[in-house]
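In: My questions concern the predicted model and sequence given below.
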Amino acid sequence: MPDKTNALPAVPSHSPHSPNSPNSPHSTTRSPSRRTLLRAMAASAAVGTPLLAGAPAGAVSSGAADLLYVGTWGAGQVHALRFDPARAAMTPVGPVAQATSNWVLAHPTRPVLYVAGGEPGGIIRVFRIDNASAALEQFGEIATESTPVGGLSYMAVDAASKTLLAADFAAGTAVSVPIGKDGGLGAVASRVQDTGSGPHPRQQGPHAHHVVTDPSGRFALVADFGADRVFVYHFDRATRALSAGTPDGPRTYATAPGSGPRRLAFHPSGRTVYLLNELTADIQALDWNAADGVLTHLQSLPTDAPGHTGTTSAAELAISRDGRFVYTSNRGENTLVVFSTDRSTGLLTQVQRIPCAGVTPWSFTLHPGGRWLFVANQASNTVNLFSVDPRTGQLADTGTSVPVPKPDCITFSRP
């Protein structure tokens, strides 16, 4: 087990600002073009909402820059960035903690950051955030696995029950952890074990990759990369416990052998779930029966371009706040693929395929206001900024990027 993580002061980056190609590992901050900004402002005006609209609906930026934290795959650091949505400007702060960071997640209301480690034991570290400096101070740490296995892949917060949910890729488990009033974590409340395997060499056992609660809060869905299954567990918000729910085990939705389920997202209507499969790089629309927790296949679409050859690897999935658009990343082609949703059926139609402005788009995050998208291009060591057209859902590369070593995920902490 590594030594306990120490906080680092926030140190501004002094990287030179010379132009670089998108594939360079030393891409630097650049201002977006005037055309890109005008297009974003015009689109915002057309739908009658301010460019700086943020979550919750109706909220507007106070003028302070947003604070972003970036996990780094195998680099053992957490980095911080500032983002000014009025100028579409990203400013690197630099490394603010030394910690393995397979996933980083900000508390939804408190200045607290959770960092999921990749080492055995399924370690989650808890940091206080200094909003003024972006510095982190660790004040908690828990092991989510009692055996010498583990390597966390994802975390989410169920705000209604004040519960942190985490998926452990190496152990094939999902856990629930109570969140205290100060944002600290208690002992693990429950743990469920996936089962199964697939035909791919990376699928020799279960590998839980993602966990999300359904809108009712009665179920938790786990996308398992190794088992080619989505496991549907019961979730009790009163006790914060995950359980199989029946003597025969959890309900499951089976994908095609060798698919490698990676990400899930509920449509705001609560009737449709979108599933992104990593190994086959396809996205599925699934009907969700909230009464009994059953998933039924509706549609499958590729995220690969027609005629694609070579590596096939889809990575990230997100849905716009209004549910009109679904966003995916494709690491085999270094692209972002956008789909529109049918309001009545939930079915998808592809509307755009665009280069990700780097190499290996491991993850991306939509700005809370919905007008910007940040891409963690892991192999090119950059976080790249795209604008989002709220009418069409389409993305435009602003040309702005900041250097971060091996970025794998991005989270917002808003003062």
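Out: Thanks, I have the structure now.
In: how about the strands in the stretch 301-415 of the chain?
Out: All strands of the stretch 301-415 of the chain, identified by DSSP state E, counting those that start in this stretch, fall at 314-319, 325-330, 335-341, 348-355, 361-366, 372-377, 382-388, 395-403, 407-413.
In: Over to the stretch 101-250 of the chain?
Out: 103-106, 112-116, 123-129, 136-143, 152-158, 163-168, 173-178, 190-193, 208-213, 219-224, 229-236, 241-243.
In: burial count for Lys181?
Out: Each residue near Lys181 was counted by other C-beta atoms under 10 Å, and the total is 7. C-beta: built from backbone N, CA, C; applies to glycine.
In: can you tell me how far it sits from Asp130?
Out: Using C-beta to C-beta, to the nearest Å, Lys181 is found at 19 Å from Asp130.
In: do you know which of the strands of the stretch 101-250 of the chain lies nearest Gly399?
Out: When the strands of the stretch 101-250 of the chain are ranked by proximity to Gly399, the top entry is strand 103-106, at 25.5 Å, counting by C-beta to C-beta.
In: So what touches the closest one?
Out: Contact partners of strand 103-106, identified using C-beta atoms under 8 Å, 6 or more residues apart in numbering, comprise 69-71, 78, 112-116, 129, 152-157, 164, 408-413.
In: Pull the distance from it to the chain's centre.
Out: Its chain's C-alpha centre lies 9 Å from the corresponding centre of strand 103-106 when counted by C-alpha atoms, centre = their mean, to the nearest Å.
In: any weak-confidence spans in this protein?
Out: Residue ranges of the chain with pLDDT under 70: 1-64, 415.
In: For Ala189, see how far away the residue of it most remote from its centre is.
Out: No residue in the chain sits farther from the centre than Pro247, which is 32.7 Å out by C-alpha atoms, centre = their mean. The gap separating Pro247 from Ala189 is 22 Å, by C-beta to C-beta.
In: ditto for Ala208
Out: From Ala208 to Ala189 the distance is 17 Å (C-beta to C-beta).
In: Same check on Asp168?
Out: Distance, Asp168 to Ala189, by C-beta to C-beta: 15 Å.
In: Please say which of these two ends up with more neighbours.
Out: For the pair Asp168 and Ala189, the greater number of neighbours falls to Asp168 (29 against 17), based on other C-beta under 10 Å.
In: What's opposite the more buried one in the beta bridge?
Out: Counting by DSSP bridges, Asp168 is bridged to Leu152, Thr173.
In: Now for it: which residues touch it?
Out: 122, 144-145, 150-153, 174-175, 208.
In: make it 10 Å
Out: 102, 116, 121-122, 144-145, 149-154, 174-175, 191, 193-194, 206-209, 211 (C-beta atoms under 10 Å, 6 or more residues apart in numbering).
In: cool, and Ile283?
Out: Counting by C-beta under 10 Å, 6+ apart, Ile283 has contacts 263, 265, 274-277, 299-303, 314, 317, 326, 328, 337, 339, 348, 350.
In: go on, Val78?
Out: 5, 8, 69-72, 95-101, 104, 113, 115, 125, 127, 136, 411.
In: Confirm it sits in a helix?
Out: No - read with DSSP: H, G, I helix; E, B strand; the rest coil, Val78 is strand and lies in no helix.
In: in what helix or strand does the closest residue to it other than its chain neighbours lie?
Out: Closest residue to Val78 apart from its sequence neighbours, by C-beta to C-beta, 6 or more residues apart in numbering: Ala97 at 4.3 Å. In the assignment (DSSP states H and E), Ala97 maps to strand 89-98.
In: So which other helices or strands are in contact with that strand?
Out: When contacts are defined as 3 or more C-beta pairs under 10 Å, 6 or more residues apart in numbering; DSSP states H and E, strand 89-98 sits against strand 66-72, strand 77-84, strand 112-116, strand 123-129, strand 136-143, strand 382-388, strand 395-403.
In: which parts of it are buried?
Out: 89-90, 92-98 (16 or more other C-beta atoms under 10 Å).
In: will you turn these into CSV that also has distance to Gly307?
Out: CSV is the format used below for those (distance: C-beta to C-beta, whole Å):
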residue, distance to Gly307
Ala89, 38
Met90, 35
Pro92, 38
Val93, 42
Gly94, 42
Pro95, 41
Val96, 44
Ala97, 44
Gln98, 44
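In: and of those, the nearest to Asp236?
Out: For those, the nearest to Asp236 is Ala97 (33.4 Å; C-beta to C-beta).
In: Show me the beta-bridge partners of that closest one.
Out: Per DSSP bridges, the residues bridged to Ala97 are Ala7, Val78.
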